[in-house]
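J.: Would you be able to build a 3D model of this:
(chains A, B and C)
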Amino acid sequence: MKTRTTTGPAEGWEYVIGLEVHTELKTATKLFCGCPNAFGEEPNTSVCPVCLGLPGSLPVMNEQAVDFAIRVGLALDATIQRSQFHRKNYFYPDMPKDYQISQYDVPINARGHLELPSGRVIGIERAHLEEDTGKLIHRGGHGRIESAEYSLIDYNRSGVPLLEIVSAPDIRDPEEAKEYVTELRAILVTVGASDGRMEEGSLRVDANVSVRPIGETGFRTRVEIKNLNSLRSLVRALEFEGLRQVHLYEDGEAMIQQTRFWDEARSVTGALRLKEEANDYRYFPEPDLPPVAPDSDLIEERRAQLPELPSARRGYLASLLPDLSGDLRETVIADACWPYFRAAIDANITPARAAARCANELTALLAEIGELTPTRFVEVLTLEDRGELGASQVKILLREACVDAATVPDLIAKLGLSARDQRAIKSMVAEVIAPFADEWERYLDGDEKIAGFLVGQVMRKYGRQISGADARQALVELGDEARKSTD
Amino acid sequence: MTNRIDQADVAHIAQLARLSLSGEELIEYQSTLSRILEVIEVMNSEDLSSYPPMDHPLETVNLLRDDVVHPGLDREVVLAMAPSSEDEYFRVPRILGAP
Amino acid sequence: MNDEILDWGIAELARRLESRDVTTVEVIDAYQEQIAIQEPEVDAFLSLDLDAAHRRAMDQDDRRSRGETLGRLAGVPVALKDNLCTMEFPTTAASKILEGWTPPYNATVVDRILDQDGIVVGKTNLDEFAMGSSTENSAYKITKNPYDLERVPGGSSGGSAAAVASRMALVSLGSDTGGSIRQPASLTGVVGFKPTYGRVSRYGLLAFASSLDQIGPLTASVEDAALVAEAIMGHDPRDATSLQEVAPSLVASLAEGVRGIRVGILTNLVETATPQVQASVLRAAEVLTQSGASVAEISLDELAFGLAAYYVVAPAEASSNLARYDGVRYGLREAGSTVEEMMIATRTKGFGPEVKRRIMLGTYALSAGYYDAFYVTAQRVRTLVRTAFARAYADFDLLLCPTSPTTAFRIGERSSDPVEMYRSDVCTIPSNLSGDPAISIPAGVDADGLPIGVQLLGPALSEQLLFRGAYAVERGLR
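T.: Predicted coordinates for the structure are as follows:
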């Protein structure tokens, strides 16, 4: 395992963090019934006797949810095993049966691991299937649970399949927690199990956090933080909570094992004022559901079908471009970019150029406009690689290729982007600067400031056809030639 | 007769089960539950360690369904059953006690 | 004519309807008249809708006159235990917590009865949520034994048993978690059958103990039980514990007899019974011997642990199954200033004392620190029971024992002592723990004229043989 410099909550202290990530699986229907697994439906419209817990209704397991769980397990290098659902018994109005069907001592996925971009490996204790609850809306008291006058319930989310991925307490600081969630999210999206939309609640994070003096090896009392709805909340909540715990220890106060929630508005974690009742969930095997025992052939089939995961993409990218910055690298390996990058590499485009165009232009264009096939992308980059188009021309062309389905040569003609080589550009630059003899002399004498003026003149005339970088390159070459001839 | 369960236990499990018992009921249930537990304890007279727990009479696995949408219930029908509703929602009293 | 109609079994009724000896409306009229006489005495029903039954009867007569082929239960008046969901009747499980609740769906068994053109006349009384052995635990009424109105009909399917015994319905459905079909059948002199776990879909049955519950028929004859069983058995995709196996045909093989069949008398269960009940079991054994079966004795002492295991597993599962009755989505709601107070008030008001007792017992058995000692041990006993049965079935094809150690007891006699009441189920519980099929067959009456039932047990999926045995016993004892 690689070492990494971590940032403790305070001098001499370190964090011990474990994360529980709940991800909604991208199935068509709920975990135990045929109601649609949809977001944003009218309240209480995606419901049936099963997900409303009506008397006499029975759960029947969704095959696709098992399949997604297997794929995630394989991606996390976990052991896929025969599993049994249990009932977790407690009363809460958003839970129609007043028990949650979840996997307890025998989860479908056990003991895996996840390698972060930093190279650090975080243990995965388990990834198990369970059903989501309904949604509570609090009325009165500014919509906050603690001051509400009453609450309303929408059961559309009740029974939506969740995969809860529990990490080992291997995470050592808030930034690493963020890195872990980002990486896990990328994996979930890549294997097709989740859409990874944190803002829609399809990825929810609870954090278990404790602190300890550096050098101590045991675990101290941990606190569970809920309500972490964004990566920013996650980082800030962990930072706040770490410091709070250090202060408590330094003041000699007792640390209580408790559940706290992150109050985004006030930037603090607070203890939920729930009635104190020891958690006694009275787990027992769910008698309505036979065990799930994934077939070994199915597991092997899924293993073979597993897409290239972020860590593998990262490794491949590093072999081509060892010095690429972390940000660029993460953008390129993202699902949106990766097929384009791979297509470009397969077409022998210069890796650095492919990476730059993916990260700088493509991501924005895809997010903003949408349609561009990897083939057309590669076609444009090939022209740039051959020196037939300059960088600014390529940018214009890529944008146009997203909105106009015409062939690339037709687009070039339409835009007046006559493809040129560097020699042509040089003559265009020479033509523009010819009337500026004084400025030219000053440039040759080493006045770098005047270079900007000259490039500006070129761009005014030929901005659509050649890039600033190409113009400057031509200017440098012209300058070198002029100096050489006077020597 | 020994009391296998005391009144505090009865009160605790009643709370877990969301039931409230009067003083009289507490005494009544303590007594009958103790009698029943006495009967149940017969199990412990036998060494059962060689018999694995049988979770279920069925020995089948993987009774799964296809991921296909089926029609559910209309909201009107669902909310008509609700003891209390508001707009399109079920309504319940506040979750937490008064501050 | 009416009395004659009430005497017909399903097959006879079908023949008469087919040959136009009688119309479906006349059949329902006969039953309506009988209900008018008997129901005020017996109190078997929680709801009745004879107008709807009439409409269905008229419709069936119309269809028949148009030459349509009707289902196998055409014209058969059916009573349903009120823990089976029905869109046409309220479904209360005899509990205040569901008073007036009508489900927007039918139980699978109800759909199957309707598919075969059975005519549902009403919903029958039971011990609240099927928890009891006497039908005294109903929140609404106490059903009486038609043989002696001072006595209980057994339970929890007491209403279903009494309805058939008093001929207010030709057949009924009950549910059996620890003997709740067979024991009342025995106490009211009717046939009661509990199928192999998984044979009949539990979808729409208000769950008591999910790993033990099975739905089955209560009827006047073994043949009728076979017919109804055929109608309701078979895989249901809405129940993940429903067996994939194709349900066996039962009626066709009834008369095949028991020649060469090995029957074991479960002596340790026989010993729990009164002398008159023991004598009935021996008479049944004799009948089987005369029919060509070989009969010998066997003792399965392990079954003695069954009662203890049952009173852990069933309440444990029940405590969880009954959590949903919380006043939020349906049924009773009592006021409370917070959700928790509302739930407590609702459940405290809505559940009767026996239901509360079992919920608390089950909650205790599952709670931290007790789970292994109670729940896990009880599940080990289930394995023990199954092992014992496996040993018996190495030597025998079927087992014979009493259904209930006693005949019908007096109303109020055992209601003050739950443990005494629980012992009523000692002979029926083992089959629920193992998941095996069992059937109770009427076997005469005792000195007070109270019915006695004997029970045949078979290994899992042995329904066909079990019914052949039951048919032989029935014929031999008649």
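
J.: can you pull the contacts of residue 363?
T.: Looking at chain A here, since you left the chain open. A:Thr331, A:Ala334, A:Ala336, A:Cys337 (CB atoms under 8 Å, 6 or more residues apart in numbering or on different chains). Placement of C-beta: from N, CA and C, glycine included.

J.: oops, chain C please
T.: Per CB under 8 Å, 6+ apart, neighbours of C:Thr363: A:Arg282, B:Ile13, B:Leu16, B:Ala17, C:Ser319.

J.: element containing it?
T.: helix C:353-366 (DSSP states H and E).

J.: Grab the CA positions of that helix and hand them over as PDB.
T.: What follows is helix C:353-366, C-alpha atoms only, in PDB (Å, rounded to 0.1, in the frame of the first residue of the first chain):
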ATOM      1  CA  PRO C 353     -54.600  -9.200  25.000                       C
ATOM      2  CA  GLU C 354     -53.500 -12.500  23.300                       C
ATOM      3  CA  VAL C 355     -52.100 -10.700  20.300                       C
ATOM      4  CA  LYS C 356     -50.200  -8.300  22.600                       C
ATOM      5  CA  ARG C 357     -48.900 -11.300  24.600                       C
ATOM      6  CA  ARG C 358     -47.500 -13.000  21.500                       C
ATOM      7  CA  ILE C 359     -46.100  -9.800  20.100                       C
ATOM      8  CA  MET C 360     -44.300  -9.200  23.400                       C
ATOM      9  CA  LEU C 361     -43.100 -12.900  23.600                       C
ATOM     10  CA  GLY C 362     -41.800 -12.600  20.100                       C
ATOM     11  CA  THR C 363     -40.100  -9.300  20.700                       C
ATOM     12  CA  TYR C 364     -38.400 -10.700  23.700                       C
ATOM     13  CA  ALA C 365     -37.200 -13.800  21.900                       C
ATOM     14  CA  LEU C 366     -35.600 -11.700  19.200                       C
END
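
J.: Could you give the separation of the helix or strand just after it from the chain centroid?
T.: Next helix or strand after helix C:353-366 toward the C-terminus (DSSP H and E): helix C:371. Helix C:371 sits 30 Å away from the centroid of its parent chain (CA atoms, centre = their mean, to the nearest Å).

J.: From the rest of the structure, what touches helix C:371?
T.: Under CB under 8 Å, 6+ apart, the answer for helix C:371 is A:Arg282, A:Tyr283, A:Phe284, C:Ala365.

J.: For residue 27, give me phi and psi.
T.: Chain wasn't specified; assuming chain A. Dihedral pair for A:Thr27: phi -80, psi 170, per degrees, to the nearest 10.

J.: Could you report the separation of the closest residue to it other than its chain neighbours from A:Gly18?
T.: Once flanking residues are discounted, A:Thr27 sits nearest to A:Gln64: 4.6 Å by CB to CB, 6 or more residues apart in numbering or on different chains. A:Gln64 sits at a distance of 29 Å from A:Gly18 (criterion: CB to CB, to the nearest Å).

J.: Following the chain past the one helix or strand C:Asp62 maps to, name the next helix or strand.
T.: Remark: C:Asp62 resides in helix C:50-65, with elements defined by DSSP H and E. Sequence-wise, the next helix or strand downstream of helix C:50-65 (DSSP H and E) is strand C:77-81.

J.: Okay, now the sheet partners of the host helix or strand of C:Cys401, with direction.
T.: Assessed by DSSP H and E, C:Cys401 sits inside strand C:398-402. If you go by DSSP bridges, strand C:398-402 pairs up with strand C:262-266 (parallel), strand C:451-457 (antiparallel).

J.: Contacts for the helix or strand bottoming out on mean pLDDT in chain C, please.
T.: Ranking every helix and strand in chain C by mean pLDDT, DSSP states H and E puts helix C:418-422 at the bottom, with a mean of 86. Residues from elsewhere that reach helix C:418-422, judged by CB under 8 Å, 6+ apart: B:32, B:35-36, B:39, C:132-134, C:307, C:311, C:354, C:357, C:414-415.

J.: where's the dip in pLDDT among those residues?
T.: Least confident entry in the contacts of helix C:418-422, by pLDDT: C:Ser415, with 85.

J.: still on that earlier bit, filter the contacts of A:Thr363 to the buried ones?
T.: A:Thr331, A:Ala334, A:Cys337 (16 or more other CB atoms under 10 Å in any protein chain shown).
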